[in-house]
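Chemist: Quick one: sequence and predicted model below, then my questions.
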Protein chains: 2
Amino acid sequence: MPRSVSRSQRPVTLTDVARLAGVSIATASKALNGRDEVAPATRERVLDAAGRLSFSPNPLARGLLAGRTGTVGLLTSDLDGRFVIPILMGAEDAFGAGKVNVFLCDARGDTIREQHQLRALLSRRVDGMIIVGSQTDPRPSLGQDIPVPVVYAYAPSDDPDDLSLTPDNFSAGRIAVEHLLAGGRSRIVHISGDPAYAAAQDRAAGVRQALAAAGLDLVAEVFSEWSEGWGRDATALLLAQHPDVDAVLCGSDQIARGALDTARDLGRAVPDDVAVMGFDNWEVLTTNARPQLTSIDANLQHLGRVAAQRVFAAIDGVDTGSGTYRLPVRLVIRGSTVARRE
Amino acid sequence: MPRSVSRSQRPVTLTDVARLAGVSIATASKALNGRDEVAPATRERVLDAAGRLSFSPNPLARGLLAGRTGTVGLLTSDLDGRFVIPILMGAEDAFGAGKVNVFLCDARGDTIREQHQLRALLSRRVDGMIIVGSQTDPRPSLGQDIPVPVVYAYAPSDDPDDLSLTPDNFSAGRIAVEHLLAGGRSRIVHISGDPAYAAAQDRAAGVRQALAAAGLDLVAEVFSEWSEGWGRDATALLLAQHPDVDAVLCGSDQIARGALDTARDLGRAVPDDVAVMGFDNWEVLTTNARPQLTSIDANLQHLGRVAAQRVFAAIDGVDTGSGTYRLPVRLVIRGSTVARRE
DNA sequence: CTGTTAGCGCCTTCAC
DNA sequence: GTGAAGGCGCTAACAG
């Protein structure tokens, strides 16, 4: 006969440990929390008892007393999780797995729903919050009357009194151009996505500035949407108009995949005749391309780690400042810009 | 001079509400919880007071007493979040946003880390857990001695006493073949990924069974890895060996993208000369392909919703059974298998 | 060094 | 119909 499922077993409490160790619960508490007002032998007994009962303190009781829950809310509108997962991982790293846990809520890009989730998180008494957006355009602030520290990640807040962390897209554009220039390219076209996106504008500004610094101009700059199809069409158009182009800088890896397709269709060798670059370093797109796609990585995991550290610091009362910080990005060189040595 | 940030304001408690309403905290509690042992007029006063203080009960205190926290743990090993995000969304839908919140933990595919996160979640007294894997192969059970209900999603547990929900990959293979047959295809090759994956084997079995039912055989079946590169190479090889092939069924959208590339390179028109299909319905790959890629969607959001419902039911003491349930998948038809009408 | 006491915020008997 | 008292599990004061 199967013994009753453990589902019914009452969780072991500090009282159980204390009883087994033959001490009071206060002493047991001190011993387990490493306070030094307890005799080594006693501590030994308590730790042993806790071990054999596999005791773990109830964070609810602890939090009730401390006024802290050891939880953080991650509120996202990033529907496909492309940004939020690395940020979550960075946050877990920074918090130290186990010490802090993360409530993940998806607002589905809906303001009403976001407010709802926000309330839910606050009523759970999270110690802090990270708000993740799906694009780098400023988003409406949640306001200053939130009783816990808030950090905006990826999408900055439109209120300079908030603290926001976002990738440095201006530098991203600059770094991309410098890489192309270093490879001997000089006749560069820039194919980007929706011009309404701050990411598109910021990168474009970085691109133009880096070219200007080298005394050059873009051969052409076009915007439309973040899709492979647009990458294909735009590349065909621009290569026809400007046959001597030697580099196609694309506003996203998706656009770049389209550019690679068209270059191939037209018999332009990549990278020998023309270099192609993307942004985002979305692995599924970059490493499966032929040739593999050079891209700019936004270091999102690092961004998540920093966001978590800031929240953490703010919880501890440290003033972490405000304003929008642009975090460094990273060039990832692959075969689409640099020829393999034979 | 800026007034002190609201950060310092103590959260409002039931005591505050009771004082404002001029009743005892017991009465306030009853009024707010809709117990009928309280006079309508009194209830009104209490609700009003709670409203103007924007009181929300402290879930820690409530959970401490009730033994329930209204939280669920989602423990994932799905590094890129492709599966876990739809499952999270489904779970949120099923739980009802706000009533239940989800702790998301990433085990990074590491057993040690998983154990660690598991302990953390249990010590937080989650009411239930959903374990999400990154492939459909059975994974080691977490065991039966977990004091809360556990449901395995995507990756089933290897213990039949656990409850597991996973996509029906056998039917997926069958449905794919039936779609190709319905379109008049009969000379089909199957290019799949790593044969060590249950997903590859299950789909292949479904494929063969559906073909056998139609009195047909696969022209060829090859396995290697889940990459575009393999899709390109395998397609080139098979089309050379079997020039009369009229359909390339691929084990993933990535492989299918490679197949489309090769078909194009070889001047085979898709879908007129040859149809191409993938699995997973990964939008970024399917909708950007040319032509757009027909695929099989695993209905992960639905799977997440069901998983959450099961956890929910089990929390309420309903026996939700055990074993591995294979949930229906869905055919998504696009241009790579069906010609547009001109 | 150890144990007793009080209380975190809430809910639930049980008197009144 | 209402309020006083006890306790959920834990920690921080204090006494001993």
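Modeler: Okay, I see it. Numbering: from 1, shown residues only, chains lettered A, B, ... in the order given.

Chemist: what about A:Thr136, is that helix, strand or coil?
Modeler: Following DSSP: H, G, I helix; E, B strand; the rest coil, A:Thr136 is assigned to coil.

Chemist: dump the residue contacts of it.
Modeler: By C-beta atoms under 8 Å, 6 or more residues apart in numbering or on different chains, the residues touching A:Thr136 are A:154-156, A:166-167, A:169, A:197-199, A:202. Just so you know, the C-beta spots here come from the backbone N, C-alpha and C atoms, and that holds for glycine as well.

Chemist: What's the separation between it and chain B?
Modeler: Distance, A:Thr136 to chain B, using C-beta to the nearest C-beta, to the nearest Å: 19 Å.

Chemist: Would you tell me which one of the contacts of A:Thr136 comes nearest to DNA strand C?
Modeler: Among those, A:Ala155 lies closest to DNA strand C (C-beta to the nearest atom of the strand), at 32.8 Å.

Chemist: OK, contacts around that closest one?
Modeler: The neighbours of A:Ala155, taking C-beta under 8 Å, 6+ apart as the test, are A:77, A:131-139, A:164, A:166.

Chemist: Touching, A:Gly193 and A:Gly229? I think so.
Modeler: No - contact between A:Gly193 and A:Gly229 fails when scored by C-beta atoms under 8 Å: they sit 11.6 Å apart.

Chemist: out of those two, which sits in the busier spot?
Modeler: A:Gly193 (22 against 18; other C-beta atoms under 10 Å in any protein chain shown).

Chemist: Excluding chain neighbours, what is closest to that one?
Modeler: Setting aside the residues directly before and after it, A:Gly193 is nearest to A:Trp226 in space (C-beta to C-beta, 6 or more residues apart in numbering or on different chains), at 3.7 Å.

Chemist: pLDDT score for A:Gly128?
Modeler: The model reports A:Gly128 with a pLDDT of 94.

Chemist: what is it paired to in the beta sheet?
Modeler: A:Gly128 has these beta-bridge partners by DSSP bridges: A:Val72.

Chemist: Might you report the residue contacts of it?
Modeler: A:72-73, A:148-151, A:311-312, A:314-315.

Chemist: ok, back up a step: shouldn't the residue nearest to A:Gly193 be within a strand?
Modeler: No - A:Trp226: not assigned to a strand; according to three-state DSSP it is coil.

Chemist: List the contacts of the residue of the stretch 1-150 of chain A found nearest DNA strand D.
Modeler: Closest residue of the stretch 1-150 of chain A to DNA strand D, C-beta to the nearest atom of the strand: A:Leu14 (2.8 Å). A:Leu14 makes contacts with A:25, A:28-29, A:32, A:55, A:57, as judged by C-beta under 8 Å, 6+ apart.

Chemist: If we use 10 Å, what do you get?
Modeler: A:25-26, A:28-29, A:32, A:46, A:50, A:55, A:57-58, A:61 (C-beta atoms under 10 Å, 6 or more residues apart in numbering or on different chains).

Chemist: tell me which of the residues you listed is nearest to chain B?
Modeler: A:Ala61 (5.6 Å; C-beta to the nearest C-beta).

Chemist: Name the SS class of the closest one, please.
Modeler: Classification of A:Ala61 by three-state DSSP places it in helix.

Chemist: Give the closest residue to it in space, chain neighbours not counted.
Modeler: Using C-beta to C-beta, 6+ apart, the closest residue to A:Ala61 is B:Leu64 (5.6 Å).

Chemist: So the one you found, which state does it fall into?
Modeler: Secondary structure, three-state DSSP: B:Leu64 is helix.

Chemist: Please tell me I have it right and it contacts A:Pro11.
Modeler: No - the criterion here is C-beta atoms under 10 Å, and B:Leu64 misses it with A:Pro11 at 11.5 Å.

Chemist: residues shared between the contacts of these two?
Modeler: A:58, B:125.

Chemist: who has more neighbours, the two?
Modeler: Remark: of B:Leu64 and A:Pro11, B:Leu64 carries more neighbours, 17 against 13, as counted by other C-beta under 10 Å.

Chemist: follow-up on the earlier one: can you tell me which of the contacts of A:Leu14 are up against DNA strand C?
Modeler: Among these, the ones lying near DNA strand C by C-beta under 7 Å from any atom of the strand are A:25-26, A:61.

Chemist: Buried subset of those, written for PyMOL?
Modeler: In PyMOL syntax, the buried subset of those is picked out as below (16 or more other C-beta atoms under 10 Å in any protein chain shown):
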select buried, chain A and resi 61
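
Chemist: got the ones next to DNA strand C among the contacts of A:Leu14 as CSV, with pLDDT columns?
Modeler: Output for the ones next to DNA strand C among the contacts of A:Leu14, formatted as CSV (pLDDT from 0 to 100):
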residue, pLDDT
A:Ile25, 90
A:Ala26, 88
A:Ala61, 90
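
Chemist: Where does pLDDT dip in chain A?
Modeler: A:1-9, A:97-98, A:341-342 (pLDDT under 70).

Chemist: ok, which stretches of the stretch 101-250 of chain A are strands?
Modeler: All strands of the stretch 101-250 of chain A, identified by DSSP state E, counting those that start in this stretch, fall at A:101-106, A:128-132, A:150-153, A:163-167, A:188-192, A:220-223, A:247-250.
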